[in-house]
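> Dropping the sequence and predicted coords here.
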Amino acid sequence: MTKTPGSAAPCPDVADMIHSFHWSTLSALHPEQQSRVFSVRAAPPELVVTCDPCVAQTEKLDQPKPSGLSCGSQPDEESLCSDSGFGGSPAFSLGLRKLSDCSSVGLSPTSSFEEYEEEFSEGRNAEKNKTMVNWSPFVVPLQKRSPWVQVVGHAGNFQTSCDGKLLKKYCVYEQQCLQRLMSDILRPFVPGYHGMTQRDGQDYNLMDDLLSYFDTPCIMDCKMGSRTYLEEELKKARKRPQPRKDMYEKMVAVDPMAPTPEENVQQAVLKTRYMQWRETLSSTATLGFRIEGIKKSDGTCNTNFKRTKCKEEVMQALKDFVDSDVPLLRNYQQRLKELRLVLEKSEFFRTHEVVGSSLLFVHDRSGRAGVWMIDFGKTMPVPPPLTLDHRSPWVEGNREDGYLWGLDNFIDILTDLISGQRE
Ligand SMILES: O=P(O)(O)O[C@H]1[C@H](O)[C@@H](OP(=O)(O)O)[C@H](OP(=O)(O)O)[C@@H](OP(=O)(O)O)[C@H]1O
Ligand SMILES: Nc1ncnc2c1ncn2[C@@H]1O[C@H](COP(=O)(O)OP(=O)(O)O)[C@@H](O)[C@H]1O
């Protein structure tokens, strides 16, 4: 499906899920409990009148503005990474729906799928929303900020703003999550959320640009969990199958032998089938996470990790990402251990199915390194009294997503990598 500049962000078609959001505002921990874990100020959302010349905010959270940043906006298309494999370079990928589509050719869906597309878009336009929380681990007043870079994800979803913030196309489910995360102990691990804003008639969620803390950063996006589609998407696919030609084409571009004879006849696959295939092709099914893309400080960007599956391949990619820098690996390992501790205590995490969410790893030459959770467009509250441990294997109905299992594996891999580098 092709995203147009005016379209909303990709949120699941979950009109039938919206009911489940009413109860979950009870989930946040008491502020005093939060401050015992991290001395981070958690401010509730408030309505404000805009004073930002770049964006007209309709709602924002009380966040200090970064200083020393140049003011100006850059359309997201200018900063897309190409899917050019190892040693690739930034590309002008105008019109591409997904950055990771760059490796394939002829991915535009045909008109026979327009109906499907319209239905999804209509459902999403009103509902979409992503919101992120602001926490700056470093005080880095940069004199000259590097251009913002989108490593993977849907093309056309982001706009930059002055003062180190990002605009992401509105998705209501993401907004709900980020608002809740603002008062959860996970707040230090998600970008700061500043409410909704509009630009050129399009709704956006305004969030911190995590790259603004760094100088010419290296960035890695890892999709967490053992499952990348919602249970609700599976139910919907069974009830009303919607074969996708674009996904068939993406599948064939990676492995012409992957489609079944029936799929070859249809020249289309169901989204859940495509997502499952991607899970087993990569390390998602075996390790509970996968590398989606890496952008190095020299500007090269690689999103060609669809077949990066076994532990050794993942280790090699991680090693390349940090240029075999052991203190940096330790930094990341430490940050992931901290995240795990907080996840295990988080009320938000216990009560949400976290699917399709990524960890964004960022470091620069100074040795600073940060890891944040991003992309909550498919993070859904589970109906009470159900809670998740995020480690149990998924059985349909239990809503488990394998997030913590993946994080355990990630930390173990970093540990192995660190000890291997010492030898
Ligand atoms: O990475 P490739 O192989 O291109 O597949 C993509 C990713 O899984 C997207 O997830 P993410 O946004 O987390 O990257 C997903 O978006 P959803 O998040 O909407 O499921 C896309 O579904 P469609 O948007 O339906 O095409 C799917 O085509
Ligand atoms: N808060 C942020 N700060 C900096 N970069 C971000 C931020 N959020 C997302 N990105 C960049 O955009 C990419 C896609 O983000 P994501 O939220 O997953 O979008 P999508 O919903 O389109 O998949 C990430 O890989 C990262 O490069």
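That came through, no problem. Ligands and ions are numbered 1, 2, ... in the order given.
> burial of residue 395, as a residue count?
Using other CB atoms under 10 Å, residue 395 is surrounded by 8 other residues. For every residue, glycine as well, the C-beta is placed using N, CA and C.
> Please identify which helix or strand holds it.
Assigned by DSSP states H and E, residue 395 belongs to neither a helix nor a strand.
> tell me which parts of the chain are close to ligand 2?
Residues of the chain that fall close to ligand 2, judged by CB under 6 Å from any ligand atom: 9, 132, 150-154, 157, 166, 191, 207-211, 219, 221, 358, 360, 374-375, 377.
> What about ligand 1: which of the residues you listed touch it?
Those of the residues of the chain next to ligand 2 which are also neighbours of ligand 1 are 153, 154, 375, 377, as judged by CB under 6 Å from any ligand atom.
> okay if I get these as TSV plus pLDDT and neighbour count?
Formatted as TSV, those follow (pLDDT from 0 to 100; neighbours: other CB atoms under 10 Å):
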residue	pLDDT	neighbour count
153	96	25
154	95	23
375	98	28
377	98	27
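> Now intersect those residues with the helices, please.
In helices, judged by DSSP state H, none of these are found.
> Now intersect the residues you listed with the strands, please.
Residues from these lying in strands, with DSSP state E as the criterion: none.
> Could you measure from the residue lying closest to residue 180 once chain neighbours are set aside over to residue 417?
With CB to CB, 6 or more residues apart in numbering as the criterion, residue 180 has its nearest non-adjacent residue at 5.5 Å, and that residue is residue 348. In this view, residue 348 and residue 417 are 30 Å apart by CB to CB, to the nearest Å.
> More neighbours: the two, which one.
residue 348 (24 against 21).
> Assumed that one was part of a helix.
Yes - Residue 348 sits within a helix when classified using DSSP: H, G, I helix; E, B strand; the rest coil.
> Tell me how far residue 242 lies from residue 273.
In terms of CB to CB, residue 242 sits 11 Å off from residue 273.
> So between these two, which is more surrounded?
Per other CB under 10 Å, whichever of residue 242 and residue 273 has more neighbours is residue 273, with 22 against 16.
> For that one, which residues are in contact?
With contacts taken as CB atoms under 8 Å, 6 or more residues apart in numbering, residue 273 has the following neighbours: residue 263.
> Name the member of the ones next to ligand 1 among the residues of the chain next to ligand 2 with the shortest distance to residue 171.
When those are ranked by distance to residue 171 (CB to CB), residue 377 comes first, at 4.7 Å.
> which residue packs closest to residue 209, ignoring adjacent ones?
Nearest one to residue 209, counting by CB to CB, 6+ apart, is residue 166 at 4.5 Å.
> Give me the helices and strands touching the helix or strand harbouring the one you found, please.
With secondary structure defined by DSSP H and E, residue 166 is part of strand 165-169. The helices and strands touching strand 165-169, judged by 3 or more CB pairs under 8 Å, 6 or more residues apart in numbering; DSSP states H and E, are strand 158-160, strand 193-199, strand 202-208.
> And those strands: which comes nearest residue 313?
Go through the helices and strands packed on strand 165-169 one by one with CB to CB and the one that ends up closest to residue 313 is strand 158-160, at 29.1 Å.
> Can you list the low-confidence ranges for the stretch 1-150 of the chain?
1-145 (pLDDT under 70).
> which residue does it bring closest to ligand 2?
Nearest residue of the stretch 1-150 of the chain to ligand 2: residue 150, at 4.1 Å (CB to the nearest ligand atom).
> So residue 310 is in contact with residue 283, correct?
Yes - applying CB atoms under 8 Å, one finds residue 310 in contact with residue 283, separated by 7.3 Å.
> between these two, which one's more packed in?
When neighbours are counted by other CB under 10 Å, residue 283 comes out ahead of the other of residue 310 and residue 283, with 28 against 12.
> Now for that one: which residues touch it?
Neighbouring residues of residue 283 by CB under 8 Å, 6+ apart: 289, 290, 291, 308, 309, 310, 311, 313, 314.
> between these, which is nearest residue 264?
When the contacts of residue 283 are compared for distance to residue 264 (CB to CB), residue 309 comes out closest, at 24.1 Å.
> Make TSV from the ones next to ligand 1 among the residues of the chain next to ligand 2 and add distance to residue 299 to it.
Putting these into TSV (distance: CB to CB, whole Å) gives the following:
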residue	distance to residue 299
153	18
154	22
375	23
377	28
